[in-house]
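sharing a sequence plus its predicted fold:
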Amino acid sequence: MYKFYSIFIATPIFLIVTIIIGLLVSVTALCGLRALPHRYIPMWWGRIACWLYLLPVHVEGREQLDPHQSYIFVANHQGYLDILLMYGFLGHSFKWMMKEYLKKMPVVGQACIISRQIFVGDSLTSIQQAVKRARTTLQGGMSMSIFPEGTRTYDGKMIPFKRGAFMLANEIGLPIVPITINGSFQAFSRKARSVTRTPLSLTIHQPIVPDYYQHRPTKVFMQEVYDIIDSQLR
């Protein structure tokens, strides 16, 4: 029964909601608004999605975040629901650091361009441009979210992190917040064709201040963040 509901009822409604959300984000971003396109409208999108698919969500550690502080959120990437989970339940305004090719996504890609998400390629020049854009936008509580694995896991286990996200974080100099996502792989992995009803959780770890990580080798600090996230992975 749940598979039927997920495929033939929840998914069509979700696709319609996604188009509406994409349009709302685009319009409010063009109007120069800040909180609506980067926090509240995406929050509704994430929460509506979890409600539609009947997915219970548990959040730990949100009280550690200062709403007026900008952060760099670093999370593991389990499946298709990770973005919705972050948007819906993190409770903070943020932009994504995402790959250039995602601009081509229908509706959502255009909304990301208009709302000035931070696109980055593989070249050093692209990373430098991303740092420049991030410095001008990540202020006054506006944060950035990154999946440092670079892609979704194939087996539920974490993939080794890529250096680019940490090089960018080091240049920007904001507190880094490791986040552990659980349940998303079981609910909707990259190989799945439909959603499976599974509890989801978001564990927000203690922020790591720049004074600590900027004095450590990138490779060492990458492993420390990896271990923090992996310690709560189930």
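Perfect, thanks for sending it.

for the closest residue to T196 other than its chain neighbours, give me its contacts.
Counting by C-beta to C-beta, 6 or more residues apart in numbering, T196 lies nearest to A187, which is 5.5 Å off, once chain neighbours are set aside. For glycine as for every other residue, the C-beta is placed from the backbone atoms N, C-alpha and C. A187 makes contact with Y53, L55, G79, L81, V195, T196, R197, T198, L200, according to C-beta atoms under 8 Å, 6 or more residues apart in numbering.

how about these in CSV, adding pLDDT and secondary structure?
Below are the contacts of A187 laid out as CSV (pLDDT from 0 to 100; DSSP: H, G, I helix; E, B strand; the rest coil):
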residue, pLDDT, secondary structure
Y53, 97, coil
L55, 97, coil
G79, 93, coil
L81, 96, coil
V195, 96, coil
T196, 95, coil
R197, 96, coil
T198, 96, coil
L200, 98, strand
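
looking at the protein, which helix or strand does the model trust least?
helix 124-137 (a mean of 77; mean pLDDT, DSSP states H and E).

okay, now Y212: neighbour count?
12 (other C-beta atoms under 10 Å).

which secondary structure element contains it?
helix 210-213 (DSSP states H and E).

ok, and what's touching that helix?
By C-beta under 8 Å, 6+ apart, helix 210-213 touches A169, N170, G173, L174, P175, I176, F221.

with stretch 161-169 instead?
With C-beta under 8 Å, 6+ apart as the criterion, stretch 161-169 contacts 72, 74, 97, 120, 122, 127, 130-131, 134, 146, 148-150, 176, 213, 218-219, 221-222, 225-226.

please pick the buried ones from the residues you listed.
72, 74, 97, 120, 127, 130-131, 134, 146, 148-149, 176, 213, 221-222, 225-226 (16 or more other C-beta atoms under 10 Å).

now, which of these lie within strands?
Judged by DSSP state E, these include I72, V74, M97, V120, I146, I176 as members of strands.

the last one and I72 touch, don't they?
Yes. Using C-beta atoms under 8 Å, I176 is in contact with I72, at 4.9 Å.
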